[in-house]
Structures are given as structure tokens and as C-alpha cells.
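A.B. asks: task: produce atomic coordinates for the following.
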Amino acid sequence: MSSLLVRTLAPILVAAGLFSGGAFADTVHPQSSESRFIRNLGDRAIHLLSAETLTAKQRAEGFGDLLLTGFNLDYIARFALGRHWNNATALQRRQYLSLFRQYVIKTYASRLRGYSGETFEIVAQRRAGAWDVVVRTRIARPGGGAMVDAGWRVRKFEGEHRIIDVMVEGISMAITQRQEFSSVIRRKGMDGLIEDLRVRTATVKEAGLKN
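C.D. replies: Below is the predicted model:
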């Protein structure tokens with residue numbers, strides 16, 4: 001994932017919110033299945049981040065599981081590759097999907113220490129196209145800092161809700177990622193992108209997670 005995506009999403013994700021604020025023509029449906037999904041995901045994230053009995057390893061493993069059950073990482077990975085997916089070989093696709101999942105999980109697990117007591121509430125939701133619902137949340141920072149409007153773009157896959165895109169300050173992270181990957185492929189080819197992901201994954205640090 002791009003450095004912009006990592007820098008921007010890490011503190012928001014660990015505060016249990018994901019999709020930024022922009023103008024929403026939305027309504028409040030706090031008991032919808034999408035809102036319940038986001039509430040459950042957020043509660044799980046905050047538990048992992050605040051439970052004093054968990055070790056750093058348990059916290060990181062739990063957060064990895066949360067990402068796998070909360071996001072459709074393969075869908076996001078394929079979208080980020082765009083038209084280059086069709087030109088990739090079967091081996092390149094397998095390597096890319098595996099590395100993308102590993103990098104996302106290790107990156108966010110390494111940033112759990114970014115949580116500092118933020119809380120969130122679900123404020124509204126809206127439909128986004130034929131398949132998706134955006135659930136809007138508001139994150140409160142400890143000490144009365146500025147509120148952060150955030151949200152999740154949710155789609156059902158085989159009856160299960162999953163997050164498929166993130167927007168921050170009106171910018172789609174999926175599109176940002178696609179642009180970055182396309183730039184790498186133009187310069188280095190598909191194998192170059194795979195090697196870049198392999199290097200990034202290997203260099204992600206998981207030191208410093210709080211116990």
C-alpha cells in the first residue's frame with residue numbers, strides 16, 4: 001500500500017473508523033446490518049487496543065484476524081492492480097495477492113501503538129451505487145481534540161459484509177493505490193511491483209507494540 005495510505009489510515013483505523021468525511025446525503029440507520037457490522041468491528045478493534053491482559057503478539061494476531069474478516073483484501077488488491085491484473089500470469093497473481101495481504105496486515109499490526117483512547121459513534125449511512133453502503137462514523141479524540149468524520153464502504157460477498165474502499169479527505173484510497181501501482185508497473189513491470197511489495201513486507205517493523 002502507498003505510504004500516503006499507510007500514514008493516513010493507520011491512526012484512523014486504530015480508532016475504529018475508515019472513510020473520510022465529504023458531503024453525505026445520508027440517513028441514520030444505527031440498527032441496519034451494515035451499521036451493526038461496523039459497530040462490531042469497531043468494538044473488536046478497541047478491545048484489542050485497550051485490553052491490558054493481551055501481549056503484543058496476541059494484539060497483533062487479533063488485529064490481523066480483524067482485518068481479514070473486516071476487509072475483502074483480495075478484492076481491494078485486484079482493484080488496485082486494475083487492467084494489469086488481466087496481463088499478469090497465474091504465478092504473478094498468486095504472489096501479488098499473497099504479498100498484498102501480508103503487507104496490509106503487518107503494516108497495521110505494527111501501528112497499534114497509535115491508539116490513544118479515541119472513541120467513535122455511528123452517525124449516519126447512505127447507499128453508494130447498487131451494491132454498497134457507506135456507514136459514517138465520528139471519532140472523538142481524547143482531551144477534546146478535533147472530531148474526525150470517518151466511515152466504511154461496505155459490500156456483501158456471499159452474504160458477508162466486507163469493507164472494499166477507504167476515503168480520506170475526499171480521496172479514494174483504492175484509486176490512489178491503483179495509481180501508485182500503475183506507476184510502479186510502468187517503470188518496473190509486474191515483477192518489479194511484486195519485488196517492491198516483498199521488500200516492503202520484509203521491512204515492516206513490528207517492534208514497539210504495547211503489551
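
A.B. asks: so residue 122, which of the three states?
C.D. replies: Classification of residue 122 by DSSP: H, G, I helix; E, B strand; the rest coil places it in strand.

A.B. asks: any weak-confidence spans in the chain?
C.D. replies: Within the chain, the segments meeting pLDDT under 70 span 1-31, 111-118, 141, 144-148, 150, 167-171, 205-211.

A.B. asks: can you give me the strands for it?
C.D. replies: 119-128, 132-140, 148-157, 160-165, 167-168, 171-172 (DSSP state E).

A.B. asks: so where's the longest helix in the chain?
C.D. replies: Ordering each helix of the chain by length in residues (DSSP state H) puts helix 173-203 first.

A.B. asks: thinking residue 33 is in contact with residue 160, fair?
C.D. replies: No: the criterion here is CB atoms under 8 Å, and residue 33 misses it with residue 160 at 10.5 Å. Quick note: C-beta positions are derived from backbone N, CA and C, even for glycine.

A.B. asks: one step back: and the longest helix of the chain, how far from the chain's centre?
C.D. replies: Helix 173-203 has its C-alpha centroid displaced from the chain centroid by 17 Å (CA atoms, centre = their mean, to the nearest Å).

A.B. asks: let's see stretch 178-198 as PDB, backbone CA atoms only.
C.D. replies: Output of stretch 178-198 as PDB, limited to C-alpha atoms (Å, rounded to 0.1, in the frame of the first residue of the first chain):
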ATOM      1  CA  ARG A 178      -4.200   1.900  -8.200                       C
ATOM      2  CA  GLN A 179      -2.400   5.000  -9.500                       C
ATOM      3  CA  GLU A 180       0.700   4.200  -7.400                       C
ATOM      4  CA  PHE A 181       0.800   0.500  -8.500                       C
ATOM      5  CA  SER A 182       0.300   1.500 -12.200                       C
ATOM      6  CA  SER A 183       3.200   3.900 -11.900                       C
ATOM      7  CA  VAL A 184       5.500   1.200 -10.500                       C
ATOM      8  CA  ILE A 185       4.400  -1.300 -13.200                       C
ATOM      9  CA  ARG A 186       5.100   1.200 -16.000                       C
ATOM     10  CA  ARG A 187       8.700   1.700 -14.600                       C
ATOM     11  CA  LYS A 188       9.500  -1.800 -13.400                       C
ATOM     12  CA  GLY A 189       6.900  -4.200 -14.800                       C
ATOM     13  CA  MET A 190       4.700  -6.600 -12.800                       C
ATOM     14  CA  ASP A 191       7.700  -8.500 -11.400                       C
ATOM     15  CA  GLY A 192       9.100  -5.100 -10.200                       C
ATOM     16  CA  LEU A 193       5.800  -4.400  -8.300                       C
ATOM     17  CA  ILE A 194       5.900  -7.800  -6.700                       C
ATOM     18  CA  GLU A 195       9.500  -7.300  -5.600                       C
ATOM     19  CA  ASP A 196       8.700  -3.900  -4.200                       C
ATOM     20  CA  LEU A 197       5.900  -5.400  -2.100                       C
ATOM     21  CA  ARG A 198       8.200  -8.200  -1.000                       C
END
